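Participant: Below is the sequence, then the predicted model.
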Amino acid sequence: MTKKTTQQQFTETSSVLYLAFDLGSKKWKLGFSIGLGQKPRIRTIDFGDLKSLQKEIELARKRFNLADKSRVVSCYEAGRDGFWLHRYLSSEGVKNVIVDSASIEVNRRKRRAKADKLDVDSLVRMLIRYSYGEHKIWSVVRVPSVEEEDRRQLSRELATMEKERTRMRNRIRGLLVTQGIRIRGVLDLSDERLESIRTWDGHLLAPELKDRIRREWSRLVFLKEQIRALTHQRQNALNKEEQPTSDPDIEKIRQLQQLRAIGPVGAWVLVRELFGWRQFKNRRQVGSLAGLTPTPYQSGDTSVEQGISKAGIVPVRRIAIELAWGWIRYQPKSKLTHWYITRFVDAGKKARKVGIVAVARRLLIDLWRFLETGVLPEGAELKAAS
């Protein structure tokens, strides 16, 4: 690097105002600086007070003797606040990055000081290092557009409702077990069925308990109707006659469904969460975003595999494991299935579980290539035309 280039970069970065946010539910901590070695200017504003935010930015420019239109670079941790603040900052000309909080380096002492002021101070220093080119200091979150974010709502709502349905079923069964009653098979607690249930000693259910179970059952029935409506909405979106013209992901979902072992649920989640709007450069990025990459530990003569990172998108990782088991069953002629059978089937139950995680990672990579290039995974078969 020449001396002229170094001076030019220093001049450009020294005229930049760095801003780090520590976002709380009531207050926001703001940390301002203009470079390494400069003590940050810490200020506090109310949650969502954008007028105060603009005022503090202008005051910080004056404090550090910057021009009125000097560039502002900011960052905050990904969390409950989502992407709305990023979109606002971008609309105001601020170059903002959202950081994966799990990727931020921290002190490894057993007891370390933790305070909002310390957090924002650390963030602003790392932001400066990131702006100087140290991009591996943390992981930056890819921000979807408003439309791309909205398309993920249906699958996420369905997943939330299905979890709640399971909790409600377990709660009802648990209430009945407290009276020595165990219902096997399908749970049906209509009024007639509820009146016919007897406790362990042949008595009717107590009135208060019966009313509680009846209310729980009513909520469960309502939840089932909502799940059925959302499932019908998803199926209508996949039908050619009712395809929404503004949705570019539908063709990708249909393309994945052409493969045996992949149904509408798996294809929908993979495209909406992973393949629909994200751009991958290589297979490592695909595995990393799903949290299925290995995490080796090597120190001297010690070499231990700690398992997968689990740092990626939870719905994608869960559905990938389910699809991997289905792939082994319904794609017996594929190269991936042969690899799994040869290496793991005869190695025991634990080895088979480890192997299916490797199958899930390789399957995601094969599906990504299938969507990008149209080339089938080696040995895979398409569904028979209906």
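Facilitator: All right, it came through fine. Numbering: from 1, shown residues only.
Participant: Please report the distance of Ser103 from Trp84.
Facilitator: As for Ser103, its distance to Trp84 is 22 Å (criterion: CB to CB, to the nearest Å). The C-beta positions use only the backbone N, C-alpha and C, and glycine is treated the same way.
Participant: Give me the more crowded residue out of the two.
Facilitator: Ser103 (15 against 10; other CB atoms under 10 Å).
Participant: doesn't Trp138 make contact with the more buried one?
Facilitator: Yes. Between Ser103 and Trp138 there is a contact under CB atoms under 8 Å: 4.6 Å.
Participant: average pLDDT across the helix or strand harbouring Leu220?
Facilitator: In this assignment (DSSP states H and E), Leu220 forms part of helix 207-238. If you average the pLDDT over helix 207-238, you get 94.
Participant: helices and strands around it, which ones?
Facilitator: helix 153-177, helix 191-196, helix 250-257, helix 264-270 (3 or more CB pairs under 8 Å, 6 or more residues apart in numbering; DSSP states H and E).
Participant: Quick one: residues in contact with the third one.
Facilitator: With CB atoms under 8 Å, 6 or more residues apart in numbering as the test, helix 250-257 has contacts from 237-238, 243-244, 262-264, 266-268, 270-271, 275-276, 367, 370-371, 383.
Participant: From these, keep the buried residues only.
Facilitator: Those of these that meet the buried threshold are 237, 262, 264, 266-268, 270-271, 275-276, 367, 370-371, by 16 or more other CB atoms under 10 Å.
Participant: Tell me the buried residues in stretch 199-207?
Facilitator: For stretch 199-207, by 16+ other CB under 10 Å, it's Leu205.
Participant: Distance from that stretch to the middle of the chain?
Facilitator: 46 Å (CA atoms, centre = their mean, to the nearest Å).
Participant: Doesn't Thr44 belong to a helix?
Facilitator: No. Assessed by DSSP: H, G, I helix; E, B strand; the rest coil, Thr44 does not belong to a helix; its assignment is strand.
Participant: Quickly find the element holding Tyr297.
Facilitator: strand 294-299.
Participant: So what are the sheet partners of the following helix or strand past that strand and their directions?
Facilitator: Downstream of strand 294-299, the next assigned helix or strand under DSSP H and E is strand 302-308. In the sheet, strand 302-308 lines up against strand 294-299 (antiparallel) (DSSP bridges).
Participant: Show me what the mean pLDDT comes to for the partner strand.
Facilitator: 81.
Participant: Can I get that strand in CSV? Just the C-alpha atoms.
Facilitator: What follows is strand 294-299, C-alpha atoms only, in CSV (Å, rounded to 0.1, in the frame of the first residue of the first chain):
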residue,chain,number,x,y,z
PRO,A,294,-18.8,-28.7,12.5
THR,A,295,-16.9,-26.9,15.3
PRO,A,296,-13.5,-28.6,15.8
TYR,A,297,-11.4,-27.9,18.9
GLN,A,298,-7.7,-28.2,18.4
SER,A,299,-5.0,-27.3,20.8
